[in-house]
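[1] got a sequence here, can you model it:
(chains A and B)
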Amino acid sequence: MILRLEDVSKRYKQGALEVPALSHVNFEMNEGDYTAVMGPSGSGKSTLMNLIGCLDQATDGEIYLDGRPLCRCSDDELAEIRLNKIGFIFQSFQLLPYENAVENVALPLTYAGIPRGERLRRAKAMLDRVGLSDRAGFYPNQLSGGQKQRVAIARAMINHPKILLADEPTGALDSASGVQIMDLFRELNEEAVTILMITHDAAIARHAGKIATIRDGILTGPDPVETEARL
Amino acid sequence: MGENIRFAMRGIWSHKMRSFLTMLGVIIGIASIIAIVSTIKGTNDQIMKNLIGAGNNAVTVSLCQGGDAYDMSMGTPQGVSPLSDDQKEQIRSISGAEDASFYYSRSYLDSVRCGTQSLDMASARGIDSHYLSSSGYEAYQGRPFAESDFTSARKIVLLDQTAAESLCPGESAVGKVIEVSGEPFTVVGVIRRADAFRPVINSYQDYYLYNQQNYGTIFFPDSVWPVLFQFDEPENCMIRAEETKKMSRVGKEAAEIMNQSVQSGNDAFSYQAEDLVEKARDQQNLSKSTNNLLIWIASIALLVGGIGVMNIMLVSVTERTSEIGLKKALGAKKKTILMQFLTESAMLTSIGGVLGVIAGIVLAKVISVMSGTPAAISVPAIIIGVAFSMLIGIVFGLLPSLKAANLNPIDALRRE
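    Okay, here's the model as predicted:
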C-alpha cells in the first residue's frame, strides 16, 4: 500500500464560513497502480492533489503515504517527504526559464544535497530516459510543449519518488503531444512507477488503469478501466 | 551555498539594468565613504609630513620658562649660560641625528624700516651656517649666506617672503638697505622653504596654523647678532633626525645636553624639545572630526541604498512567486528559500560595494587632483566597505527573504 486516505475532509475558511472542498474521502493506491481522478473544475480534485502532494494538510481524517501519516507533520518534514517520495507534474510545466533542461531536471537533487557533478550526471541519464538526451542544453523557450512536459517528467522522476502526481499533464498540449506524454506515462507505469493523474478530460483518463470520479468533494471509485476501453 | 551563489548571479545578471540601479545607492554610499576616508588619510599623512620636522624631521629645542618659549627681549635669563662648543659637538653626534644648527631668536623686532615702509612684529633669527639647509630654506631671489658671511661680520640679512613683501612691496628686496633698530643692513637674498618643506594649505585651519603668527622673519648671520643684541645669549637648537620616529628621542637627548647649561636648582628655565608629533595629532583630530560628519551624511546614502535593495527584493519575490512555489513543491525547505534570497541580496550589495570602492578610489584621486589634497587609499576602509555592503544586503534582504520563505506553495503555484 503506497497511499491510503482514511475519511479525509478538507474545509477552507472563507471569512466566517467554512467551505467544504472534500468530504469523507477514502482512497487507496498500491505500488504500480496507474489511477486517474476525474472531475470538473471546482470538484475538489486540486485539493485532493494538494493533500496527497503534502502541499496542504487535511482538516479531518488521515493520509498515509508509504506507510507514514502526514497529518501534524511540520513544514520541513513535509518538504522532506515532497523531496523524497513525490514527483510533481504540472499542467503548465513549471520549468525555470533561465535554466537549461538538464539544470531543471537536476534541481530537486540540489535540495537532497547531491554534489553538482553527480546531479548533472543523473539529470542527463534521466533526460535520456524520457528521450530528450539531445536537448539537454536547451532552455525552456527553445523546447516544444511536449518536450517541456518531458523535461518536467524527468525532473519529477529524478529522486525516484514513490508516487508521481500529475495535475492535468496534457492540459496545455496539443493532442499529438498529449498522446506522446500518455505513452510515456504508460511506459513508466510498466516499469512499476505509481502514477496518480488528475484530469477533467475523460479521454485522457482512459489511459489510466483505474478511474475515480470526484464531484462536489465526494470521491467515487476507483473502478478499473475495461481493457478494451483503455486507450 | 555554491548553488545559491550561482542562482543569485543568474538573477542579478538576468536583470542587469535593474540590478545596477538597485546597487546605485550602495555604490554612491560606499564611494563617498571611501573617498572621504582616503582624503582624511591623505590629509593626515600630509599634516604629519608637514608638521613633523616640516618635511625634514627637524625638532626645535628652545629655552622655556614655565612651559612657554622664553623671549630673549625680556633680558638674558638668569642662571643660563651660553652653549659651549663642546655641547654643540655632543649634540651633533647624538645617534640618529643628521644635523644640528644653533640660532639666536627674537620673537618681535620693534622697528624695521626700508625707505618709507616699515614692518612691525617681525621675528629675528641669528643663524649659523647649518640653519638654512637643516630647515629647508632656499634663496629664490639673491643668494643665501656664504660661509664667509659668518666670519666677516658684514651687516647683511636675508628676508623671508612675508618680510620682503611688507618692506619692499612690488619690487625686489635684494640689494635694498633696511634699518633695524637704527642699524643699516643690506638685503642679500629672499628665502623661502623648498617645496618638500613647504606646508600644503588646504583649509582655514592650516592657513591659521602656518601663517597667523608669521609677520615676517629677518635672518642675520649669528656673527652680527651682538651688534643688535647681547653678546652671550643662550641659543636655541634645530636638530634634524634621520627618521621621523627618531625625532622625539633625538629632541629629548639634545634638550638634556643643553640643560647642562642651566644652573642646577634653577627651576624657572629649561630647554624643551617641541613635541611636534603631539601637535600633528591635534591637527589630525581636527580634520577627522570635520570629516566624520561627512561620513555620517554618506551613511544616509547607504541607508537609502539599503531600502532600495529591500524594495527591489520585495518586487523580485513577488515576481518569482511561482518559482518559489515550484521549488517548495520540489522539496526546498524554508531555510533553503531564505538562504537563496539572502544570498542574492547580499551578492547584489557586495557587488555594489566593490563597484563603490572602485568609484570611491577614482573619486578620491579626482578630488586629490582638483584640490591638491593628497589621497591615501586605506586598505582597512576597503575591506570594511565591502563587508559592510554585504551586511546591508543581509539586513535589508531579510524581510523580503522571509516573505519568500513563508510563501504558501499552493498559492504560489496557483499564480501564473
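[2] in a strand, that's where residue B:61 is, yeah?
    Yes: judged by DSSP: H, G, I helix; E, B strand; the rest coil, residue B:61 forms part of a strand.
[3] give me every residue that touches it.
    Residue B:61 makes contacts with B:236, B:237, B:238, B:239, B:251, B:254, B:255, B:258, B:271, B:272, B:273, B:274, as judged by C-beta atoms under 8 Å, 6 or more residues apart in numbering or on different chains. Using the backbone N, CA and C atoms, a C-beta is placed for each residue, glycine as well.
[4] can you show me the strands along chain B?
    B:58-65, B:68-69, B:97-109, B:112-114, B:117-119, B:122-127, B:137-142, B:156-160, B:177-180, B:183-193, B:217-221, B:236-241, B:269-273 (DSSP state E).
[5] I'd say residue A:205 and residue A:197 touch.
    Yes: under the contact definition of C-beta atoms under 8 Å, residue A:205 touches residue A:197, with a separation of 7.4 Å.
[6] got the residues of chain B near chain A?
    B:2-3, B:10, B:14, B:322-323, B:326-336, B:409-410, B:413, B:416 (C-beta under 8 Å from any C-beta of the partner chain).
[7] now those: which count as buried?
    B:3, B:322-323, B:326-334, B:336, B:409-410, B:413 (16 or more other C-beta atoms under 10 Å in any protein chain shown).
[8] ok, residue B:150 - how many residues close by?
    By other C-beta atoms under 10 Å in any protein chain shown, 16 other residues sit near residue B:150.
[9] that one touches residue B:222, doesn't it?
    Yes: assessed by C-beta under 8 Å, residue B:150 is found in contact with residue B:222 at 6.8 Å.
[10] what touches both of those two?
    residue B:128.
[11] and of the buried ones among the residues of chain B next to chain A, the nearest to chain A?
    Closest approach to chain A among those (C-beta to the nearest C-beta): residue B:331, at 2.5 Å.
[12] and the closest one, what does it touch?
    Contacts of residue B:331 by C-beta under 8 Å, 6+ apart are A:79, A:80, A:82, A:83, A:84, A:108, A:111, A:112, A:159.
[13] so how far is residue B:17 from the residue positioned nearest the centre of chain A?
    Compute the mean C-alpha point of chain A, and by C-alpha atoms, centre = their mean the closest residue is residue A:165, 1.3 Å away. As for residue A:165, its distance to residue B:17 is 39 Å (criterion: C-beta to C-beta, to the nearest Å).
[14] then residue B:383?
    In terms of C-beta to C-beta, residue B:383 sits 29 Å off from residue B:17.
[15] what do you get for residue B:335?
    31 Å.
[16] please apply the same query to residue A:179.
    Taking C-beta to C-beta, one finds residue A:179 at 44 Å from residue B:17.
[17] the two: who's more crowded?
    Taking neighbours as other C-beta under 10 Å, residue A:179 and residue B:17 compare with residue A:179 leading, 17 against 7.
[18] may I see the buried residues of the helix or strand harbouring the more buried one?
    Element membership of residue A:179, judged by DSSP states H and E, is helix A:175-190. Using 16+ other C-beta under 10 Å as the test for burial, helix A:175-190 gives A:177, A:178, A:179, A:180, A:181, A:182, A:184, A:185, A:186, A:188, A:189.
[19] tell me if I'm right that the last one and residue A:207 touch.
    Put plainly, it is residue A:189. No: using C-beta under 8 Å, residue A:189 is not in contact with residue A:207, being 9.4 Å away.
[20] now chain A against chain B: closest residue?
    Counting by C-beta to the nearest C-beta, chain A gets nearest to chain B through residue A:83 (2.5 Å).
[21] quick one, grab the pLDDT at the nearest residue to residue B:27 once chain neighbours are set aside.
    Distance criterion C-beta to C-beta, 6 or more residues apart in numbering or on different chains; nearest residue to residue B:27, sequence neighbours excluded, is residue B:356 at 4.2 Å. At residue B:356, the predicted lDDT confidence score is 93.
[22] on that earlier part again, mind saving the C-alpha coords of the helix holding residue A:179 as PDB?
    Only the C-alpha atoms of helix A:175-190 are listed here, as PDB (Å, rounded to 0.1, in the frame of the first residue of the first chain):
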ATOM      1  CA  SER A 175      -3.500  16.200 -28.800                       C
ATOM      2  CA  ALA A 176      -0.500  14.600 -30.600                       C
ATOM      3  CA  SER A 177       1.900  15.800 -27.900                       C
ATOM      4  CA  GLY A 178      -0.700  14.700 -25.300                       C
ATOM      5  CA  VAL A 179      -0.700  11.200 -26.600                       C
ATOM      6  CA  GLN A 180       3.100  11.100 -26.500                       C
ATOM      7  CA  ILE A 181       3.000  12.100 -22.900                       C
ATOM      8  CA  MET A 182       0.400   9.400 -22.200                       C
ATOM      9  CA  ASP A 183       2.600   6.900 -23.900                       C
ATOM     10  CA  LEU A 184       5.500   7.900 -21.700                       C
ATOM     11  CA  PHE A 185       3.300   7.500 -18.600                       C
ATOM     12  CA  ARG A 186       2.300   4.000 -19.800                       C
ATOM     13  CA  GLU A 187       6.000   3.100 -20.200                       C
ATOM     14  CA  LEU A 188       6.900   4.500 -16.800                       C
ATOM     15  CA  ASN A 189       3.900   2.600 -15.300                       C
ATOM     16  CA  GLU A 190       5.100  -0.600 -16.900                       C
END
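[23] can you name the residues bridging to residue B:123?
    Under DSSP bridges, the beta-bridge partners of residue B:123 are residue B:217.
[24] residue contacts, it?
    Contacts of residue B:123 by C-beta under 8 Å, 6+ apart are B:105, B:106, B:107, B:108, B:109, B:214, B:215, B:216, B:217, B:218.
[25] ok, back up a step: in helices, which of the buried ones among the residues of chain B next to chain A appear?
    B:3, B:322, B:323, B:326, B:327, B:328, B:329, B:334, B:336, B:409, B:410, B:413 (DSSP state H).
[26] let me have those in CSV, extended by distance to residue A:44 and pLDDT.
    Output for those, formatted as CSV (distance: C-beta to C-beta, whole Å; pLDDT from 0 to 100):
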residue, distance to residue A:44, pLDDT
B:3, 37, 77
B:322, 22, 86
B:323, 27, 86
B:326, 23, 87
B:327, 26, 89
B:328, 22, 88
B:329, 19, 87
B:334, 28, 89
B:336, 31, 88
B:409, 18, 83
B:410, 14, 82
B:413, 17, 77
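[27] and these, which two are furthest apart?
    With C-beta to C-beta as the measure, no two of those lie farther apart than B:3 and B:410, at 25.1 Å.
[28] contacts only, for the closest residue to residue B:30 other than its chain neighbours.
    Spatially, and ignoring its direct neighbours in sequence, residue B:30 is nearest to residue B:356 (2.8 Å; C-beta to C-beta, 6+ apart). The contact partners of residue B:356, by C-beta under 8 Å, 6+ apart, come to B:26, B:27, B:28, B:29, B:30, B:31, B:34, B:385, B:389.
[29] again with residue B:146
    No contacts exist for residue B:146 under C-beta under 8 Å, 6+ apart.
[30] backbone dihedrals for it, please?
    When read as degrees, to the nearest 10, the backbone of residue B:146 gives phi -90, psi 160.
[31] what's the spacing between it and residue B:218?
    Here residue B:146 is placed at a distance of 18 Å from residue B:218 (C-beta to C-beta).
[32] the residue of chain A closest to chain B is in contact with residue B:330, isn't it?
    Yes: counting by C-beta under 8 Å, residue A:83 does reach residue B:330; the two are 7.0 Å apart.
[33] leaving out the residues flanking it, which one is nearest to residue 142?
    In the absence of a named chain, this looks at chain A. residue A:135 (8.0 Å).
[34] sorry, I should have been clearer: chain B.
    Nearest non-adjacent residue to residue B:142 (C-beta to C-beta, 6+ apart): residue B:189, at 3.2 Å.
[35] fine, thanks again, bye for now.
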